[in-house]
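K.L.:
Need coordinates for the following:
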Amino acid sequence: MEFPFQLLKTVLLLIRAPFPSPSGAASSDDPTMYFGNGEVKSSAVVKYSAAPPSTYALPEEKTDLKMPPANWLRENPQLGSAVLGSSSKSKPFSSFGIAYDFIDCIGNGVDVVSDSENIKKLLKIPYSKSHVSMAVHRVGRTLLVDELDIQELFRRSSQTGDWTWLKEFYQRLNDQKWQRKKKSKEHWYQKAILSKFLYYSINGDGAAEPVLDNMNEGDDDKNAEECSSSWPATFTSPSDFCASFDDPHSLQGLRNDFVRNIMWTFEDIHMLVGSNMPIFGGGRYPAVSLKLRESNKPINILTGIDYWLDNLMCNVPELVMCFHVNGIVQKYEMIKTEDIPHLENSTFSTRVVKDIAQNILSFLKSNCTKEGHTYWLFKASGSDIVKLYDLTTLCEEAEEEKYQNPFTLPVAVLLYKVASNLMLKTRQNRKHYGTVRTLLLNCVKLLDQERHPQIIASAYYMLSELFQLNEPSEGDGGESLRAGGLEDSYSDEDREEEEEEDLTEDSDENSSFSDGSKLQDDSKAVAVIRSVGELSVPEKYKSTHQIRPSGSFPVSQDKEERCRHILSYVLMGLKAVDGSIKRESDLPAADPNTPIPLKYEDAGPVQADLKHPTRSGMIPGSWQHHMKMQLFLKASKAYYVLSDAATNLLKYGRALRYIKLSMQCYDAYCSVNGTLSPRVLQLHSQCLSLCGDIQLMLAQNANNRAAYLEEYSYQTKDDQEILHSLHRESSCQAFNMVTDLAMDPEYQLFVSSKCYEAAHDLLISEALKEENSDQLPQLLKRLGNIRNEMGVFYMNQAAALQTEKEMKKPVSTAEQELWKKSFSFFEKGIGDFEAIGDKTNTALLLCNTGRLMRICAQAHCTVMADESRGEFSPEEALYYNKAIDYYLSAMRSLGSREIHPAVWDSVNWELSTTYFTLATLLQDFAPLSRKAQEQIEREVTEAMIKSLKYCDLQTESARQPLYQYRAATIHHRLASMYHSCFRNQVGDEHSRKQHRSLAELHYSKAVSLFLSLREAPCELLRTLLERVAFAEFTMAGQSSSMTKLKSLTGAMEIMTEAHHAFRLIQKELLEKEEESSEPAASESPIGSDMAAAAGLDLPEVTRLIGVFEPSFCFLLLQIIKLMTTVKRKPSNKDEEMLKTYKNVYSKLLRADKSAPLLDRIQLYMDLLQQLTPQTGSDGANKQEE
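P.N.:
Numbers count the residues shown, from 1 in each chain. Sure thing, here's the model as predicted:
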């Protein structure tokens, strides 16, 4: 509670006023007071004071206190209400008024909250024979103690018939009649002169004026009336609470009317007390209390304890006692607070009072264990037995249905306010979560939903707010579902069981509270103190009960589990709100005989902002309207998180169901709220984005559609009830298109694209333009990805359509439409990725566009009448060149291989492939009708060289063998082309020599690359045979025998390199033969080998062998002829070589042509091996080893 700075300064001066120490020295700072050689320690801090201490001037001796001063009964903030003539009797809800004002202290830091009068009454129990009736409530670790005037309660409830069971129960406890004893005239006389004395003390100059006799007579009646009206009216209508929800003080009897509120620490007990004791100050006495006594009446022990406790609680070091005789002031006496326990006839032990306080607190804390319950501490007049009853439990056991606990609503409001206050702290410290949850659950249990729907709905909303959705999961996210737990396993039954476990209290109680020989009246008591004398025994009672263990959060921290709890609380909140909204059918019918009053007003401008009821009859701006918006939004967030978790678990049908529910909650939210905040729009954008993800995943996983449909169709009871509440406000059909489970992948991709586009439009809108710097790039990436997916989808459809159509048919309109769609999506996707500077994905989409151009090129190939492939068309060349341009753009987008090696290698390979395909088609299907041979050869050479340029032979990767094969094939093709040119060209010797040189160069490189490969024996053999044929053709143009012999010897060296190719073929045939489970039993030896070598192109092997054998024979024969006809005398080496050639030639001629393929290959290998040392070609042998 706030008050002016000057007042605060005065209060602090009051707190820090110097107090006499036991030795007589002054302590300037310490507000703690020690008494009786350290027997008791007490300190007090003023939390609030209505006014500073009043400067006093004591009435002079012989002043007649029966005569009122001029200022009597005038309101004075320094004195408070206690001296205005009203009763000092405590109000039954006084502790609640204090608790509402100092909500931060409730729950943990304070042990007791009460009126100082109640505290004094409790501590005087062992000394007093008077009755004690107190209501006790627990909130966390704090006890709220109030006087429970049971007779006044019965008097006020007699008209309604409530509490009859308690009347009967009370009469069984008491043999005496329970009617109130009327106060004597002497009592009111003493009250009146005390009031006048205090007013004289603040008005020393005021003259006493006579008063009429009937004035004093009226005081008695007035005071009696005020005393009887201290009990507040019972709360019966929901409007009472609605009016007081934001300001609980508006409830009658719940105001904090104390002059000051003090945090009093008595030993280790922390008490927040309210006090109306007037405090005076002035001169060298900064703070004193004034007391009035008759001179002939000594101070008894009860009065002494009263005075002592009053001064302790208010931290007042001294007391001024005024003695009078029949109202005439006689004398004054100054008494120090620490001396009060030692006054004559009023001697008491402060240590005993300390033990009493500790024992009573321990007794109450050990037995008042249930939050929200009303406990009754009762001691009958003249009795030594103190009993504690649980009135809430007794109410529940009563047979009558109509009962009203007047404490129910104040307790519920307090529990709610304490929880609200702790909620502010949970943002920084999660240790309060368990406490808040318990407080709110107890609050809800106390209230009737029909009578107090607002606080119930608010409590459930706060319970849902405890489960933060933006926190990372502890441990393995999604553990509960991955571990095989049932999905959506939350229900009312589970929740009730959980609450019962959380609210179960420790049943251990100190055995000294009661014994086995209980009286019949004790059977209903929670605990009993057999003798008040026990309270004076040190540590007789010890608190053994723990409220709750360490305040830990009592539920799983798994995200899915949190969402299930949130939705269960949201549902309960929605039920409370829906139950409070009255439809027209619920309203009473109009009486036709009663006129309806009409209010006529001057005609003015028509107001456009009139608030019309919503679909359910809810008035905009009402608490129901506000609460429903919050609950709808919370449910939408929870379903969004559940959908995201299901997506991570690949449960796409479940994910789509949850995102649909999230969208329906958002739809209902929009229907009751015309203006959407940026926070809500951002959530909607996230939902749309997630929905796009789910639809994309469903399109990509069409094989599991049946399982997804089953997940999508399932619905829990809570989901159904939440949906029913949503339908009260909206049809929830706005987002059906994007959340339905379609069977068509194309439609799912289309829906996914539309979701991303809608989310993107939201993020770039004026409302969110400056708030989503992080979310927008992610959404653009998703948008680019879905456009890539749609482009690929239509591109694959075009490729499939192209494969299915007949070769002779031209390009169809359907194909062209698919190309246009695909190209459009690729183009948009490239723009999305370029907008966020995503070079890698930009390169991938450019690469896909290049692939689309290649498909277009393949569709434009010409087909002849005989269904053979025609010449390479201009359209093909156009699209292949476009593809090359896109691949080059992709390379430029990446910049270097370091940006993303995998994507760089992929683009590099596709570019090399496109150049190679272009060159191959130009070479194999040369457009001779349009271009000259030389031009075609130049274009082929250029394309081949460019393809070779992008063959990365240096980098070790999975594609390295493919690059080697591609490079070898390019060299082979170029060699074949130059071979053909050399053979067909006539006249230009320079060109012939150049072609011959290039052919030899490329053949050499091709052979070298093929030799390094293990998977291309046929290609190696073919290249070697072509190279030998090239050597033979060269020899044919030579005239000298020695030159021819040299050329033939070189050709034979090339031929011996075929040994490596045959060895690879043999190895593969043998491996396949060993892997075969069935024996090769075939009549044909070739067929046997063919069955064994399913992966080898056996027809190609057979064809190549058919070329190899004649060529080998021809070479051997020509070498033998030239060596035998040479004119010069042969050397020994020449003779040895000739002999070897003849031997090999002889074996080759005698070879069985029908022998199995493996035997023939082995023969060729043996013959080539014999020639290897003779030719000096060791390279092949080294290679094969």
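K.L.:
Next, the contact list for Asp838, please.
P.N.:
When contacts are counted by Cβ atoms under 8 Å, 6 or more residues apart in numbering, Asp838 is found next to 781, 784. Quick note: C-beta positions are derived from backbone N, CA and C, even for glycine.
K.L.:
redo that, cut-off 7 Å
P.N.:
Counting by Cβ atoms under 7 Å, 6 or more residues apart in numbering, Asp838 makes contact with Lys781.
K.L.:
for the chain, what's the longest helix?
P.N.:
In the chain, taking DSSP state H as the definition, the longest helix is helix 775-804.
K.L.:
downstream neighbour of it in the secondary structure list?
P.N.:
Remark: after helix 775-804, the chain's next helix or strand is helix 813-835, criterion DSSP states H and E.
K.L.:
Extract the C-alpha trace of that following helix and format it as CSV.
P.N.:
C-alpha atoms of helix 813-835 as CSV (Å, rounded to 0.1, in the frame of the first residue of the first chain):
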residue,chain,number,x,y,z
THR,A,813,0.0,-29.5,-75.3
ALA,A,814,-0.1,-31.3,-72.0
GLU,A,815,3.7,-31.7,-72.0
GLN,A,816,4.1,-28.0,-72.7
GLU,A,817,1.7,-27.0,-69.9
LEU,A,818,3.7,-29.2,-67.5
TRP,A,819,7.0,-27.6,-68.6
LYS,A,820,5.5,-24.1,-68.1
LYS,A,821,4.2,-24.9,-64.6
SER,A,822,7.5,-26.5,-63.6
PHE,A,823,9.6,-23.6,-65.0
SER,A,824,7.3,-21.1,-63.3
PHE,A,825,7.8,-22.7,-59.9
PHE,A,826,11.5,-23.1,-60.4
GLU,A,827,11.7,-19.4,-61.3
LYS,A,828,9.8,-18.3,-58.2
GLY,A,829,11.8,-20.6,-56.0
ILE,A,830,15.0,-19.1,-57.3
GLY,A,831,13.7,-15.6,-56.5
ASP,A,832,12.9,-16.7,-52.9
PHE,A,833,16.3,-18.1,-52.3
GLU,A,834,18.0,-15.1,-53.9
ALA,A,835,16.0,-12.8,-51.6
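K.L.:
Arg897 and Gln960, how far apart?
P.N.:
14 Å (Cβ to Cβ, to the nearest Å).
K.L.:
What does Asn256 show for phi and psi?
P.N.:
phi -90, psi 90 (degrees, to the nearest 10).
K.L.:
And for Phe872?
P.N.:
Backbone torsions for Phe872, taken as degrees, to the nearest 10, come to phi -70, psi 120.
K.L.:
wait, doesn't it sit right on Leu922?
P.N.:
Yes. With contacts counted by Cβ atoms under 7 Å, Phe872 reaches Leu922, the gap being 5.5 Å.
K.L.:
got the buried residues for the longest helix of the chain?
P.N.:
775-776, 779-795, 797-799, 802 (16 or more other Cβ atoms under 10 Å).
K.L.:
Wait, a strand at Met334?
P.N.:
Yes. Assignment of Met334 by DSSP: H, G, I helix; E, B strand; the rest coil places it within a strand.
K.L.:
ok, now which ones touch it?
P.N.:
318, 320.
K.L.:
Let me see the confidence value for it.
P.N.:
Met334 carries a pLDDT value of 89.
K.L.:
gap between it and Val316?
P.N.:
To Val316, Met334 is 12 Å away according to Cβ to Cβ.
K.L.:
now swap in Phe102 and tell me
P.N.:
Look at Phe102 and Val316: by Cβ to Cβ, they are 21 Å apart.
K.L.:
the more surrounded of those two?
P.N.:
For Phe102 and Val316, the more surrounded residue by other Cβ atoms under 10 Å is Val316, and the numbers stand at 26 against 18.
K.L.:
just the helices in the stretch 551-700 of the chain please.
P.N.:
Applying DSSP state H, counting those that start in this stretch to the stretch 551-700 of the chain gives helices spanning 559-580, 623-648, 652-672, 678-700.
K.L.:
and what of the stretch 401-550 of the chain?
P.N.:
Under the criterion DSSP H, counting those that start in this stretch, the stretch 401-550 of the chain contains helices at 408-426, 433-446, 453-466, 479-482, 492-503.
K.L.:
Save the ones you listed as CSV, and put in mean neighbour count too.
P.N.:
Shown next, in CSV, are the helices of the stretch 401-550 of the chain (neighbours: other Cβ atoms under 10 Å):
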stretch, mean neighbour count
helix 408-426, 22
helix 433-446, 24
helix 453-466, 24
helix 479-482, 18
helix 492-503, 13
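K.L.:
how about a markdown table for these, with mean pLDDT and distance to Leu153 added?
P.N.:
Shown next, in a markdown table, are the helices of the stretch 401-550 of the chain (pLDDT from 0 to 100; distance: least, Cβ to Cβ, whole Å):
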| stretch | mean pLDDT | distance to Leu153 |
| --- | --- | --- |
| helix 408-426 | 81 | 14 |
| helix 433-446 | 85 | 18 |
| helix 453-466 | 90 | 24 |
| helix 479-482 | 36 | 50 |
| helix 492-503 | 39 | 27 |
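K.L.:
do you know which of the ones you listed lies nearest Lys634?
P.N.:
Among those, the nearest to Lys634 by Cβ to Cβ is helix 453-466 (5.2 Å).
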